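Trainee: give me the fold of what follows.
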Amino acid sequence: MRVRQPTAAAAALLLATAALAACSGGPPAPAPSPVPAPAPPAATTGDVRPSDRGAVRDGGTLRWAVDEVPATLDVYQPAATADSALLARALYPSLFRPDEHGRLLADPDYLVAAESTPPGRLPQVVTYRLNPDAVWSDGTPLSAADFAAQRAALSGLDPAYTSTRPAGYDAIDAIGPGADAHEVTVTFRQPCAGWRALFGPLYPATETASAAVFNRPSTAGARVTAGPFALSGADPAGGRITLARNPLWWGERPKVDRIDFLAVPPDRRLDALDRDQLDIAPLTAAVDRAPAAPGSSADLAQASAQALRRAEALPGITVHRASAASLTQLTLNAARAPLGDPAVRRSLARAVDRRRAAEAALGPLGLAAAPLGSHLLAGDQDGYRDNGDALGTADPDRLLDAAGWKRPKNGGTRARDGKELALTLLIPADSALARRTADALTADLAGHGIALRPVAVPAAAFLRDHLATGDYDLALFSWPAGPDPATEQRPVYAKPRPGPDGALAAGSNYGRSGTEEIDRLLDRAAAELDPAAQLALLQEADTRIWQLGHSVPLFQRPDLVAVREGVVGAGAWGFGPPRFQDLGFAQG
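Mentor: Take a look at the predicted model:
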């Protein structure tokens, strides 16, 4: 399963942690989610310039901005970044690929068929029928040996491997060949509903069979790959990593000769686009954290608006917009008074106007203000349903009154026992989106007698000094949304357990509230092989998370991508990743 890391939502700030549980539950791995029929996906599913392969010319070099040349191309290493995952999509097999609604579909370039034993039959056995033409760049066919070596590296059985231990691999009991060399059977010791997310990407046994090889930086030296492109060169000092057509590629021929991934910091991307140095450039951070000009009195909002206007005015450039597969939420710290009282948490959650927050955050960026109503599924994800009504319809003022927090007759801030209901809101520094969202939340809560004071902190301190230590009341950040929420989101909501010293260990549950029931529901969902039954469990778990007052889903993080005129197959992808062999330049 893919690496999942929390993000400081409004600023697209990646927080360096990940936590994933096993397929059928259990404690989170160390290191850093229907009743009636679900509503159809509501949010934007992507904004991509259509790719008609017949209208795309052969040849050319595509120039693509990244934050930096990644230290590794192995997404399972702790040093992996979003750029690592992007390049891995072009270089390595993923047996399944998500569509625009997050559904994992078999990729015929690698997989002819895959079948799991039906629900209720144990043990669960998955049979993969590999594309017989699929070979590594050294000419070796993909085989059961690659599956077995990756499972050994990621299962946690050998501590010498410094992997992120993604979920599911520790649920595997055995891997072996099937009817012939192109068939692989994987037997699970416990049911794993998220089996499609395993082996994506798949790395060759030569890169995973020993800890010494697995742990080395994977941009160094010759690499064995099996994608439409191969690694042609990496120059970290010069800020460039180049992919060229894979001469052994068996699928549809890539349209461009090569792709140059260029390390261009977000604050320099508009200049690089203006100088015709880039063809594709993610702009979310460039717009959100745009610095004010020297000597200017422009604030964050003005600087961000100016950056967006400049991007839209660049000749030959189109700014594509979509909702990212990332869930922005307001997290409530139950370990700090007065939020230790569930009644106060629920009252606060009722007081938040999610649509107002979404409008404040997304409206200035030209995106529809689609409020989020699920802790586990994105609005454009298959099975999404808004479960916010689980909080009931009670007036938040009456709830706060009942909890003992009284408002003065002349208005103002509520108080109980001489202490005001005044809270801090942790937000990422230098983020215009975070500031707009904070302003909307501050106004919402002030209307109910809750005083909110935003506290902006730099990226390096956001997780380390605040989320991890519990030094905050409310916090604004995001969690990535993936195709297997039962396992990927479980650590976010797992009930904190006592550590070796007796103190509660929050793990990745920065809200520090949880219940045995929520844990059981997510564990059952992770082991439920019937899709309808699994979705019903996920909806029930989400309802209980709402009722706990753990956090308030707000919106999906925005994704802005600049694409040069004539480039097709590119844009803001949402859930569906790029199909690299279709990217290219329009004829004429």
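Trainee: identify the bridge partners of residue 111.
Mentor: Note on residue 111: beta-bridge partners by DSSP bridges are residue 130.
Trainee: from residue 550, how far out is it?
Mentor: Distance, residue 111 to residue 550, by Cβ to Cβ, to the nearest Å: 37 Å. The C-beta positions use only the backbone N, C-alpha and C, and glycine is treated the same way.
Trainee: roughly how far does the residue sitting furthest away from the middle of the chain sit from residue 449?
Mentor: What lies farthest from the middle of the chain is residue 409; by Cα atoms, centre = their mean that is 45.6 Å. Counting by Cβ to Cβ, the separation of residue 409 from residue 449 is 12 Å.
Trainee: do residue 499 as well
Mentor: For residue 499 relative to residue 449 (Cβ to Cβ), the value is 37 Å.
Trainee: so for these two, which residue has more residues nearby?
Mentor: Neighbour totals were compared for residue 499 and residue 449, and residue 449 leads with 22 against 11 (other Cβ atoms under 10 Å).
Trainee: element containing that one, please.
Mentor: Under DSSP states H and E, no helix or strand contains residue 449.
Trainee: if I pick it, what's in contact with it?
Mentor: Taking Cβ atoms under 8 Å, 6 or more residues apart in numbering, we find residue 449 in contact with 397, 400, 405, 407, 411, 412, 413, 414, 421.
Trainee: repeat that for residue 133.
Mentor: residue 250.
Trainee: okay, residue 111 and residue 550: which has more neighbours?
Mentor: Ranked by neighbour count (other Cβ under 10 Å), residue 111 and residue 550 place residue 550 first, with 26 against 21.
Trainee: how many neighbouring residues does the closest residue to that one other than its chain neighbours have?
Mentor: Distance criterion Cβ to Cβ, 6 or more residues apart in numbering; nearest residue to residue 550, sequence neighbours excluded, is residue 511 at 4.5 Å. Using other Cβ under 10 Å, residue 511 has 28 neighbouring residues.
Trainee: any weak-confidence spans in the protein?
Mentor: Within the chain, the stretches with pLDDT under 70 are 1-45, 220-222, 293-298.
Trainee: which residues does the residue nearest to residue 541 when sequence neighbours are not counted contact?
Mentor: Leaving aside its chain neighbours, residue 541 sits nearest to residue 521 (3.9 Å; criterion: Cβ to Cβ, 6+ apart). Going by Cβ under 8 Å, 6+ apart, residue 521 touches 537, 538, 540, 541, 544.
Trainee: chain center to whatever helix or strand the last one lives in: distance?
Mentor: Right, the one you point to is residue 544. Using DSSP H and E, residue 544 sits within helix 531-548. On the basis of Cα atoms, centre = their mean, to the nearest Å, helix 531-548 sits 20 Å off its chain's mean C-alpha point.
Trainee: ok, so of the contacts of residue 449, who is nearest residue 190?
Mentor: residue 400 (44.4 Å; Cβ to Cβ).
Trainee: contacting residues for the residue nearest to that closest one when sequence neighbours are not counted?
Mentor: In space, and not counting its chain neighbours, residue 400 is closest to residue 347: 4.8 Å by Cβ to Cβ, 6+ apart. Listed by Cβ under 8 Å, 6+ apart, the contact set of residue 347 reads 396, 399, 400, 403, 448.
Trainee: one more time with 6 Å
Mentor: 396, 399, 400 (Cβ atoms under 6 Å, 6 or more residues apart in numbering).
Trainee: most neighbours, which of these?
Mentor: residue 400 (25 neighbours).
Trainee: any idea which element residue 319 lies in?
Mentor: Per DSSP H and E, residue 319 falls inside strand 317-332.
Trainee: return the distance of that strand from the chain's centre.
Mentor: The answer for strand 317-332 is 10 Å, by Cα atoms, centre = their mean.
Trainee: same thing with stretch 453-473?
Mentor: Relative to its parent chain, stretch 453-473 has a centroid offset of 20 Å by Cα atoms, centre = their mean.
Trainee: where's the closest residue to residue 329 other than its chain neighbours relative to residue 441, distance?
Mentor: Nearest residue to residue 329, sequence neighbours excluded (Cβ to Cβ, 6+ apart): residue 551, at 4.5 Å. Per Cβ to Cβ, residue 551 is found 13 Å from residue 441.
Trainee: do the same with residue 459
Mentor: Residue 459 is 21 Å from residue 441, where distance means Cβ to Cβ.
Trainee: same deal with residue 487?
Mentor: Counting by Cβ to Cβ, the gap from residue 487 to residue 441 is 30 Å.
Trainee: more neighbours, those two?
Mentor: Shown here are residue 487 and residue 441; by other Cβ under 10 Å, residue 487 has more neighbours (31 against 27).
Trainee: assumed the more buried one was part of a helix.
Mentor: Yes - Residue 487: assigned to a helix according to DSSP: H, G, I helix; E, B strand; the rest coil.
Trainee: how many neighbouring residues does the spatially closest residue to it that is not a sequence neighbour have?
Mentor: Distances taken as Cβ to Cβ, 6+ apart place residue 167 nearest to residue 487, at 4.2 Å, with adjacent residues excluded. Residues lying near residue 167 (other Cβ under 10 Å) number 29.
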